[in-house]
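Visitor: Show me the folded form of this:
(2 chains)
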There are 2 protein chains.
Amino acid sequence: MKRFTVKELFAHASALANQSVSVTAWVRTVRDSKTFGFLELNDGSFFKNVQVVFDSDLENFSDVAKLPISSTVTVEGTLIYTPDAKQAFEIRAAQVRIDGYSVSDYPLQKKRHSFEYLRSIAHLRPRTNTFSAVFRVRSLAAFAIHQFFQERGFVYVNTPIITTSDAEGAGEMFRLTTGTNDEFFGKPASLTVSGQLNAEAYSLAFGNVYTFGPTFRAENSNTARHAAEFWMIEPEMAFAELADLLMVAEDMVKHVIHYVLEHAPEEMAFFDQFVEKGLLARLQHVVESDFARVGYSEAIELLKTAKVDFEYPVSWGLDLQSEHERYLCEQVFKRPVFVTDYPKDIKAFYMRMNDDGKTVAASDLLVPGIGELIGGSQREERLEALKKRMVEMGLNPEEYAWYLELRAYGETKHAGFGLGFERLLMYLTGMSNIRDVIPFPRTVGHAEF
Amino acid sequence: MKRFTVKELFAHASALANQSVSVTAWVRTVRDSKTFGFLELNDGSFFKNVQVVFDSDLENFSDVAKLPISSTVTVEGTLIYTPDAKQAFEIRAAQVRIDGYSVSDYPLQKKRHSFEYLRSIAHLRPRTNTFSAVFRVRSLAAFAIHQFFQERGFVYVNTPIITTSDAEGAGEMFRLTTGTNDEFFGKPASLTVSGQLNAEAYSLAFGNVYTFGPTFRAENSNTARHAAEFWMIEPEMAFAELADLLMVAEDMVKHVIHYVLEHAPEEMAFFDQFVEKGLLARLQHVVESDFARVGYSEAIELLKTAKVDFEYPVSWGLDLQSEHERYLCEQVFKRPVFVTDYPKDIKAFYMRMNDDGKTVAASDLLVPGIGELIGGSQREERLEALKKRMVEMGLNPEEYAWYLELRAYGETKHAGFGLGFERLLMYLTGMSNIRDVIPFPRTVGHAEF
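Guide: Residues are numbered from 1 along each chain as shown, chains lettered A, B, ... in the order given. All right, here's what the predicted structure looks like:
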């Protein structure tokens, strides 16, 4: 008898009506009366459970009726197609084979558990509805990103995790040692905080490239938005200016939303119902909007005239705070907005100086509900301008010799952005704690499993 | 005028015949005579260069004729389609705009450089033919792997890089510190050597999952096959036995080969011509073969009767050496072969004990020219058998409490394998040093860039 996955049964239920089918899966619930019982089964292939009816004339009826949750069974039976019922189909079991038992104190009984508790059993939580949905969407979103860039000819680059450069400047770094040799690499080594500089080298060979890998921060911040280990996507495009970059960023965000709505409709509906009411409408609105663009200086004027008491006072030069970002995209533009051309003093050394000498060709994408989702810039491709900026910012150009050579050996306009993958996932699912979108999160004091 | 990538020009040359086109790219070579000159241009989108003819009546003829290699230009001109000529098309320049200069001492002049030298300029080597081909194939192979698993419903899991478990047992680990706090995570932390145990947890929720991420070894081995940082693919399948796993492994290898042959024919032909003669025939043979299967015990008999002087003598219990592996796949089977059911004493604790009590349901895939490409096993799902095996091998079951709970809370047959991504790339490209298939390799004494 052909074995089907739960996903296949749901996809082909009408074609399989009245046919014999076999399915191997875990028991999610068991109910029984004297004459028959119900099993809800799930094999992880699909968000929904298959319902199985088993009759008291099964020779192992009483064993099946007592099965602990998460036991493994193989059911053979007839698929009964009932498109007008609450369950579109069920399986009438001719046989229920018990392939493996669970124990009776299974910690995920059918009741709601707090997310805090579920973090303490991170090895089991993907078996719950919420985390099954989160981590399937994580997988689909990751693939959507690869697909987006590959279809456009971007080359995927695995930039190094271990680095001896102190120079990335994006935050506190973890240092490496080995038991026998503190300088395995000949000098102190750390975990990367960004693949950008390496990705630029590849962009200046392949034109368009992207990274997608883990990055690290040793920051002692215990918030719902910070983790010590998280994944970043960092595209870099040669022969590109800031405006080209923003088009790619906008298309990418829309592509990922489309992809997860199309490939995980059950999961997305679940988030809409149980995690964030209105999620689907919010995402649909984003997909249908042209993202706005506003210069930083104009944004400052908009904030100054706002009838809102901001905690941080607004003046030109301000590094926008979350309250300002959310006001701009939620109140003014009511859709995602790219703020461009920030003051040079609040941005990184590698961002391209504008002709005004005061601002750089940088842009952050602000989205309703989250604030900053993407940060990018045109990179300074002019060797002397880049060196000058490094010195102004107290950096030593000699430590960046290879990075400067990228300009000496071919002055080419290029631009890139960084997207924190977990922040995107929080945006897609409505989950509000970064610990709940990472399979085994690493934060201050926590690296279990 | 519409701007085309080099890839687009090659793809649509006949349709673009006699049309005006624009292309922005780097200068790879310049030749000139008194009355005209040639530029070869590449923008990284395609392996081959576009040839541009520019005439002495260009107002900046002498500037263009003196352009340093790797300068950036935008050429506007007419595409001349010459399908019977050596170059299928060229562009007659109406205008050559110089977008950015390079310097005259560019280190990649048009001559062959040793791979050793090119490693010392890892930021520039992707601009050479060989490394352009290697790293485009790396990108395509990575996507082919994602596509293979996603199309089959496998869920991509990002298993943690930072771990406080000592217990993975696959080699020396790098330790982490922070400047101010040696125990950021509350206990000593290291870099992962494998995502397998974590992936098993997700397999027992989603059924089929895979990892694809960096792993680390702090081993002081300075060989052409070892790196401190490399990427692994680790699928895990629930409701699966060893035979199911091998089918997936075989299909995956063939899928990746198909994909790179289809999507990088120019690059693969280059490897065949300049890196490993016969590469294409070898890969074609693999795609067309049914992979062989042989039990370890039978393999030992085959080796014992071989008319070959092995350096390591052959007897049951031997951990097969490279010479044995290559003899089996190259001389006996003449195609990839899965060796199955190894002695328990040479394999890891988590592999499922066979009924004979002497062997485990493990398998290595041996391929001609490389030896071991994949190592996998059915996992021991029986709680008591797993505990017993741990104790026999001197491991403390308490340190694996969560891993054991995966069995207590659902005894389910499952199986998985590990594939070193760089080893696969060496197999696909013929490159013989792992340092030459990693963008910025990390090995003993080396973590530059």
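Visitor: Quick check: next helix or strand after whichever strand or helix holds A:Ala361?
Guide: Following DSSP states H and E, one finds A:Ala361 within strand A:359-367. Scanning forward in sequence from strand A:359-367 by DSSP H and E, the next helix or strand is strand A:371-379.
Visitor: does chain B sit close to that following strand?
Guide: No: on the criterion Cβ under 8 Å from any Cβ of the partner chain, strand A:371-379 is out of touch with chain B, staying 12.6 Å away. In this view, the C-beta of every residue, glycine as well, is placed from N, C-alpha and C.
Visitor: what residues are up against A:Ser432?
Guide: A:Ser432 makes contact with A:Ala224, A:Met426 under the criterion Cβ atoms under 8 Å, 6 or more residues apart in numbering or on different chains.
Visitor: On the three-state scheme, it is what?
Guide: coil (DSSP: H, G, I helix; E, B strand; the rest coil).
Visitor: separation between it and chain B?
Guide: 20 Å (Cβ to the nearest Cβ, to the nearest Å).
Visitor: Determine the angle, from 0 to 180 degrees, between the strand holding A:Ala361 and strand A:371-379.
Guide: 150 degrees (axes from the mean of the first three to the mean of the last three Cα atoms, to 10 degrees).
Visitor: Give the other helices and strands that strand A:359-367 contacts.
Guide: Identification of packing neighbours for strand A:359-367 by 3 or more Cβ pairs under 8 Å, 6 or more residues apart in numbering or on different chains; DSSP states H and E yields helix A:242-263, helix A:322-326, strand A:337-343, strand A:371-379.
Visitor: which residues are in contact with the longest one?
Guide: This means helix A:242-263. So helix A:242-263 is contacted by A:137, A:140-141, A:143-145, A:147-149, A:152, A:235, A:237, A:267-268, A:280, A:283-284, A:286-287, A:291, A:293, A:336, A:338, A:340, A:352, A:361-363, A:365, A:373-374, A:376-378, A:415-417, A:419, A:424, A:428 (Cβ under 8 Å, 6+ apart).
Visitor: Among the residues you listed, name the buried ones.
Guide: When the contacts of helix A:242-263 are checked for burial by 16 or more other Cβ atoms under 10 Å in any protein chain shown, the buried set is A:137, A:140-141, A:143-145, A:147-149, A:235, A:237, A:267-268, A:280, A:283, A:286, A:291, A:336, A:338, A:340, A:352, A:361-363, A:365, A:373-374, A:376-378, A:415-417, A:419, A:424, A:428.
Visitor: Make a markdown table out of the helices and strands packed on strand A:359-367 and add mean pLDDT.
Guide: Below are these laid out as a markdown table (pLDDT from 0 to 100):
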| stretch | mean pLDDT |
| --- | --- |
| helix A:242-263 | 98 |
| helix A:322-326 | 94 |
| strand A:337-343 | 98 |
| strand A:371-379 | 96 |
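Visitor: could I get those as a markdown table with distance to B:Val253?
Guide: Formatted as a markdown table, the helices and strands packed on strand A:359-367 follow (distance: least, Cβ to Cβ, whole Å):
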| stretch | distance to B:Val253 |
| --- | --- |
| helix A:242-263 | 26 |
| helix A:322-326 | 47 |
| strand A:337-343 | 43 |
| strand A:371-379 | 37 |
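Visitor: Three-state assignment for the nearest residue to A:Asp63 once chain neighbours are set aside, please.
Guide: Distances taken as Cβ to Cβ, 6 or more residues apart in numbering or on different chains place A:Ile98 nearest to A:Asp63, at 6.5 Å, with adjacent residues excluded. Here A:Ile98 is strand, with the state taken from three-state DSSP.
Visitor: beta partners for A:Ile98?
Guide: Counting by DSSP bridges, A:Ile98 is bridged to A:Val73.
Visitor: Name all residues that make contact with it.
Guide: A:Ile98 touches A:Asn60, A:Asp63, A:Val64, A:Leu67, A:Ser71, A:Thr72, A:Val73, counting by Cβ under 8 Å, 6+ apart.
Visitor: On the pLDDT front, check A:Arg282 for me.
Guide: Note on A:Arg282: pLDDT of 94.
Visitor: you'd agree it is in a helix?
Guide: Yes: A:Arg282: assigned to a helix according to three-state DSSP.
Visitor: closest to chain B among the contacts of A:Ile98?
Guide: A:Thr72 (4.7 Å; Cβ to the nearest Cβ).
Visitor: Isn't the closest one up against A:Ala25?
Guide: Yes: A:Thr72 lies in contact with A:Ala25 (Cβ atoms under 8 Å); the separation is 7.4 Å.
Visitor: Looking at these two, which one has more neighbours?
Guide: Neighbours of A:Thr72 and A:Ala25, each counted by other Cβ atoms under 10 Å in any protein chain shown, are more numerous for A:Ala25; the result is 28 against 25.
Visitor: what are the bridge partners for that one, then?
Guide: Bridge pairing for A:Ala25 - DSSP bridges - gives A:Val73.
Visitor: who's in contact with it?
Guide: Applying Cβ under 8 Å, 6+ apart, the residues contacting A:Ala25 are A:Val6, A:Leu41, A:Asn42, A:Asp43, A:Val50, A:Thr72, A:Val73, A:Val75, B:Phe239.
Visitor: just A:Pro368 next, same as before
Guide: Per Cβ under 8 Å, 6+ apart, neighbours of A:Pro368: A:Arg282, A:Arg326, A:Cys329, A:Glu330, A:Lys334, A:Arg335, A:Pro336.
Visitor: still on that earlier bit, mark which of the contacts of A:Ile98 are buried, thanks.
Guide: A:Val64, A:Leu67, A:Ser71, A:Thr72, A:Val73.
Visitor: Please tell me how far the last one sits from A:Asp55.
Guide: Going back to what we said before, that points to A:Val73. Distance, A:Val73 to A:Asp55, by Cβ to Cβ, to the nearest Å: 15 Å.
Visitor: Likewise for the third one?
Guide: The span separating A:Ser71 from A:Asp55 equals 19 Å under the rule Cβ to Cβ.
Visitor: again, but for the fourth one
Guide: Counting by Cβ to Cβ, the gap between A:Thr72 and A:Asp55 amounts to 21 Å.
Visitor: Secondary structure class of the residue of chain A most remote from its centre, three-state.
Guide: Distance from the centre of chain A peaks at A:Asp57, with 48.6 Å (Cα atoms, centre = their mean). Per three-state DSSP, the secondary structure class of A:Asp57 is coil.
Visitor: wait, doesn't A:Val337 sit right on A:Cys329?
Guide: Yes: if you go by Cβ under 8 Å, A:Val337 and A:Cys329 touch, sitting 4.9 Å apart.
Visitor: More neighbours: which of these two?
Guide: Higher neighbour count among A:Val337 and A:Cys329: A:Cys329, with 27 against 24, using other Cβ under 10 Å.
Visitor: Which residue ranges of chain A form helices?
Guide: A:6-11, A:61-65, A:115-119, A:129-151, A:196-206, A:242-263, A:265-270, A:279-288, A:296-304, A:322-326, A:383-392, A:401-408, A:421-429 (DSSP state H).
Visitor: Need the residues touching each of A:Thr72 and A:Ala25.
Guide: Contacts common to A:Thr72 and A:Ala25, judged by Cβ under 8 Å, 6+ apart, are B:Phe239.
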